[in-house]
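*Asks:* Below is the sequence, then the predicted model.
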Amino acid sequence: MPLARSLSVTSLSGLEEWDEEFDREDAVLFEIAWEVANKVGGIYTVIQTKARLTCEEWGENYFLVGPYMESSVRTQVELIEPCNAALRRTIDKMNSSGCKVYFGRWLIEGSPYVILLDVGFTAWSLDHWKSELWENCSIGVPWFDREANDAILFGFLTAWLLGEVTLTSKLFISCDEPPHIAAHFHEWLAGLGLVLCRQRQLPVATIFTTHATLLGRYLCAGNVDFYNNLAEFNVDKEAGDRQIYHRYCLERAAVRCAHVFTTVSQITAIEAEHLLKRKPDIVTPNGLNVKKFSAMHEFQNLHAQSKARIQEFVRGHFYGHLDFNLDKTVFLFIAGRYEFSNKGADIFLEALARLNYLLRVNHSDVTIIAFFIMPARTNNFNVETLKGQAVRKQLWDTAQTVKERFGKKLYESLLVGQLPDVSKMLDKEDFTMMKRAIFATQRQCLPPVCSHNMLEDSSDPILNCIRRIGLFNTAQDRVKVIFHPEFLSSTSPLLPMDYEEFVRGCHLGVFPSYYEPWGYTPAECTVMGIPSISTNLSGFGCFMEEHIADPSAYGIYILDRRYRGVDESCNQLTSFLFQFCQQSRRQRIIQRNRTERLSDLLDWRYLGRYYVSARHMALAKATGFRYPRPASVPPSPAHSLHSSPHHSEAEDEEEPYDEDLEAEKDRVNIRQPFNMPNWNKNQTVSLPEKN
């Protein structure tokens with residue numbers, strides 16, 4: 001029977017309702033990705049955070065398939081024997097045929113089963129499999145592309161595994177009929193397994209999800225006018241010019257062969273339709289496991305605690321030049337893969353230079369510290385940066401010593417019933433100690449812009465841009481810059497904080513990406529109650545524009561990079577930043593409350609529904625499983641009830657503010673994603689009440 005219409009974030013009025021409950025005891029789901037128990041990028045976050053929900057849905061019949069990486073397995077996977085006899089025979093058969101297949105539980109929420117394929121152990125088959133790929137699919141892969149070679153090994157091993165599973169499918173689950181087998185492949189690195197499943201005519205329902213097209217990422221990195229010329233690109237020539245034609249062929253073959261093709265956002269769906277020549281069947285937005293707190297304002301307390309730790313780092317980094325008030329300092333940050341143009345680091349730096357000028361000419365007492373958390377090649381920490389933290393610690397130790405001596409004298413004076421003579425409480429030795437500590441804070445150089453020694457300092461895009469715009473952390477600058485070219489870690493001797501703690505301590509995340517299929521960084525900010533700036537070229541930005549009548553009222557600032565030129569976008573970003581700097585502390589607290597209330601929209605409890613729909617759609621197409629009827633009741637449109645917090649004014653501090661009343665208004669204003677959070681077609685969704 002024909003499939004229902006394609007879904008996208010523009011049709012979030014509701015997903016299809018099932019005529020009857022699908023019996024998952026007769027079904028098996030394999031989810032295949034290169035980033036299963038192997039952290040490389042955002043796909044790892046998708047699979048890791050979604051695992052608990054999928055395990056609840058599929059139980060013991062859900063298996064993740066990924067590459068065996070010994071370093072990751074040691075810390076993330078508990079290797080065990082398969083509990084299912086048929087699967088154990090499948091793995092034993094592959095191992096006896098020259099493979100190394102491991103089985104275990106991934107030690108994350110949900111503890112899903114994982115099947116890990118050792119691609120290195122099977123490298124002896126590479127030439128043979130390349131020949132087979134050429135003969136059957138006319139795709140040739142050059143010998144020097146190691147990543148593509150890994151994709152071939154992984155793809156053939158995946159198809160081998162699924163082929164063996166289908167041969168023993170009647171034994172795989174105790175039922176009279178053979179099970180429905182669904183295989184969900186993520187990205188081009190896993191896509192060859194899907195192509196081989198279809199070429200070998202395996203009875204498997206296949207789904208392919210692209211999180212970002214290969215050609216799109218390369219084209220945007222080359223500074224082309226991408227979105228205005230999508231329909232004009234000669235995709236074969238563009239892929240060939242960039243020496244990725246073989247990769248593009250693998251990706252496009254997977255897209256064409258899949259029973260169901262999905263992307264993570266509407267903006268990527270448009271891109272895929274032009275570059276991969278297939279319109280996605282459904283959009284599957286990325287979610288997160290939203291952690292709710294027992295106290296309504298607990299996330300505000302977490303913000304204050306993390307901010308205090310960042311302030312300690314700043315005290316050390318700017319020692320000798322700490323001529324600004326930390327209580328009037330706003331922390332901004334950008335984080336992610338080091339793609340200077342794609343991630344918008346170029347426009348962010350330009351906007352910071354313009355913001356610096358505005359703050360100076362307006363004689364603002366606000367200081368901005370902008371962190372760039374983007375990993376690059378380094379040669380350990382900068383000596384001057386480490387020295388700053390050592391000086392800070394020394395000052396702290398000196399202050400503690402003097403405090404203890406002062407406290408002892410004060411205690412002895414009070415003990416004999418006398419008021420202390422303050423002039424005699426600190427002796428000459430105390431003053432000498434404090435003077436030595438003050439002299440130690442003198443500095444001949446400016447605070448460093450980069451916290452590490454860069455291996456390619458002279459050609460680094462961020463550092464070269466900083467040199468051009470002249471943001472060198474001088475006393476006159478109201479905007480300071482710290483480039484931290486390494487992922488954050490709680491074990492770091494410099495800034496001992498995990499990424500989540502760091503995000504909680506900042507005031508605003510800035511992600512003005514030109515190419516961002518989804519955007520986990522602003523999504524993570526949202527669920528932690530931190531306002532963020534994203535763009536209408538990011539999946540997250542489009543998603544929020546679709547759900548919220550006035551996103552900026554909830555701390556979600558959407559920068560227009562699709563219909564404006566670079567200079568206009570930069571001016572808009574500067575305006576966003578300048579307005580944010582003018583907010584009072586109270587206004588920022590109110591805005592964080594409102595931002596955190598959007599977290600329900602990004603919960604996998606809601607967004608996981610799209611993956612459910614994609615799997616049912618694939619089973620319908622592959623096996624004739626009865627597809628559901630469409631939902632009939634669309635939601636009513638939402639209208640903006642509020643605007644962004646006003647600029648700081650004296651009377652603002654006295655205005656009454658009822659958090660419960662505001663939360664109730666926001667629940668009306670936020671568009672609900674769809675009507676069935678718990679797979680019950682008779683139940684409707686409303687955003688949960690706050691405790």
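*Replies:* Thanks, I have the structure now.
*Asks:* Need the phi and psi values for residue 480.
*Replies:* Residue 480 adopts backbone torsions of phi -110, psi 150, taken as degrees, to the nearest 10.
*Asks:* hmm, I was thinking of residue 114
*Replies:* Per degrees, to the nearest 10, the backbone of residue 114 is at phi -130, psi 140.
*Asks:* That one reaches residue 104, doesn't it?
*Replies:* Yes - counting by Cβ atoms under 8 Å, residue 114 does reach residue 104; the two are 5.7 Å apart. C-beta here means a position set from N, CA and C on the backbone, and glycine is covered the same way.
*Asks:* Between the two, which has more neighbouring residues?
*Replies:* The residue with more neighbours, out of residue 114 and residue 104, is residue 114; 26 against 20, by other Cβ atoms under 10 Å.
*Asks:* Let me see the ranges of the helices in the stretch 401-550 of the chain.
*Replies:* For the stretch 401-550 of the chain, applying DSSP state H, counting those that start in this stretch gives helices covering 422-425, 428-440, 461-469, 499-505, 520-527, 539-547.
*Asks:* now the last one against helix 520-527, angle please.
*Replies:* Meaning helix 539-547. 50 degrees (axes from the mean of the first three to the mean of the last three Cα atoms, to 10 degrees).
*Asks:* and helix 539-547, what other elements does it pack with?
*Replies:* Applying 3 or more Cβ pairs under 8 Å, 6 or more residues apart in numbering; DSSP states H and E, one finds that helix 539-547 contacts helix 266-275, helix 520-527, strand 532-535, strand 556-559.
*Asks:* can you rerun that using 10 Å?
*Replies:* For helix 539-547, the packing partners by 3 or more Cβ pairs under 10 Å, 6 or more residues apart in numbering; DSSP states H and E come out as helix 266-275, strand 282-283, helix 520-527, strand 532-535, strand 556-559.
*Asks:* immediately after the last one, which helix or strand?
*Replies:* It stands for strand 556-559. helix 566-581 (DSSP states H and E).
*Asks:* Between helix 520-527 and the helix or strand following that following helix, find me the angle.
*Replies:* The helix or strand immediately downstream of helix 566-581 is helix 585-596, counting by DSSP H and E. Angle between the axes of helix 585-596 and helix 520-527 is 110 degrees (criterion: the same axes, to 10 degrees).
*Asks:* could you check the distance from residue 560 over to residue 526?
*Replies:* 20 Å (Cβ to Cβ, to the nearest Å).
*Asks:* Return every residue with contacts to both of residue 114 and residue 104.
*Replies:* Overlap of the contact sets of residue 114 and residue 104 (by Cβ atoms under 10 Å, 6 or more residues apart in numbering) consists of 37, 73, 76-79.
*Asks:* May I ask which helix or strand of the protein has the lowest mean pLDDT?
*Replies:* helix 169-172 (a mean of 54; mean pLDDT, DSSP states H and E).
*Asks:* Kindly compare burial across the helices and strands packed on helix 539-547 and name the winner.
*Replies:* The highest mean neighbour count among these, using mean count of other Cβ atoms under 10 Å, belongs to strand 532-535: a mean of 28.
*Asks:* That strand: how far from the chain's middle?
*Replies:* Here strand 532-535 shows a centroid-to-chain-centroid distance of 13 Å under the convention Cα atoms, centre = their mean, to the nearest Å.
*Asks:* Now do it: which elements does it pack against?
*Replies:* strand 329-335, helix 345-361, strand 508-510, helix 520-527, helix 539-547, strand 556-559, helix 566-581.
*Asks:* other SSEs contacting the longest one?
*Replies:* Contacts of helix 345-361 with other secondary structure elements, assessed using 3+ Cβ pairs under 10 Å, 6+ apart, are made with strand 329-335, strand 367-373, helix 461-469, strand 479-484, strand 508-510, strand 532-535, helix 566-581.
*Asks:* still on that earlier bit, pipe the shared contacts of residue 114 and residue 104 into JSON lines and attach distance to residue 248 and pLDDT per row.
*Replies:* Shown next, in JSON lines, are these (distance: Cβ to Cβ, whole Å; pLDDT from 0 to 100):
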{"residue": "37", "distance to residue 248": "27", "pLDDT": "95"}
{"residue": "73", "distance to residue 248": "31", "pLDDT": "94"}
{"residue": "76", "distance to residue 248": "32", "pLDDT": "94"}
{"residue": "77", "distance to residue 248": "32", "pLDDT": "96"}
{"residue": "78", "distance to residue 248": "38", "pLDDT": "96"}
{"residue": "79", "distance to residue 248": "36", "pLDDT": "96"}
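*Asks:* Drop anything exposed from the residues you listed.
*Replies:* Buried residues within the shared contacts of residue 114 and residue 104, counting neighbours by 16 or more other Cβ atoms under 10 Å: 37, 73, 76-77.
*Asks:* and those residues, which of them are in helices?
*Replies:* Those of these mapping onto helices are 73, 76, per DSSP state H.
*Asks:* follow-up on the earlier one: check which element follows the least confident helix or strand of the chain along the chain.
*Replies:* strand 180-186.
*Asks:* who's in contact with the residue nearest in space to the middle of the chain?
*Replies:* The centroid of the chain falls nearest to residue 520 when counting by Cα atoms, centre = their mean (2.6 Å). Shown in contact with residue 520 (Cβ under 10 Å, 6+ apart): 41-42, 45-46, 49, 286-288, 335-336, 511, 539-540, 602.
*Asks:* swap in residue 480?
*Replies:* Contacts for residue 480 (Cβ under 10 Å, 6+ apart) come out as 314, 317-318, 321, 324, 329, 352, 356, 367-371, 447, 449, 471-474.
*Asks:* let's see it at 8 Å
*Replies:* Residue 480 makes contact with 318, 367-370, 447, 471, 473, according to Cβ atoms under 8 Å, 6 or more residues apart in numbering.
*Asks:* just residue 287 next, same as before
*Replies:* 49-50, 602-604, 606-608.
*Asks:* which ones among those are found in helices?
*Replies:* The helices, defined by DSSP H, take in 49-50, 604, 606-608 from the contacts of residue 287.
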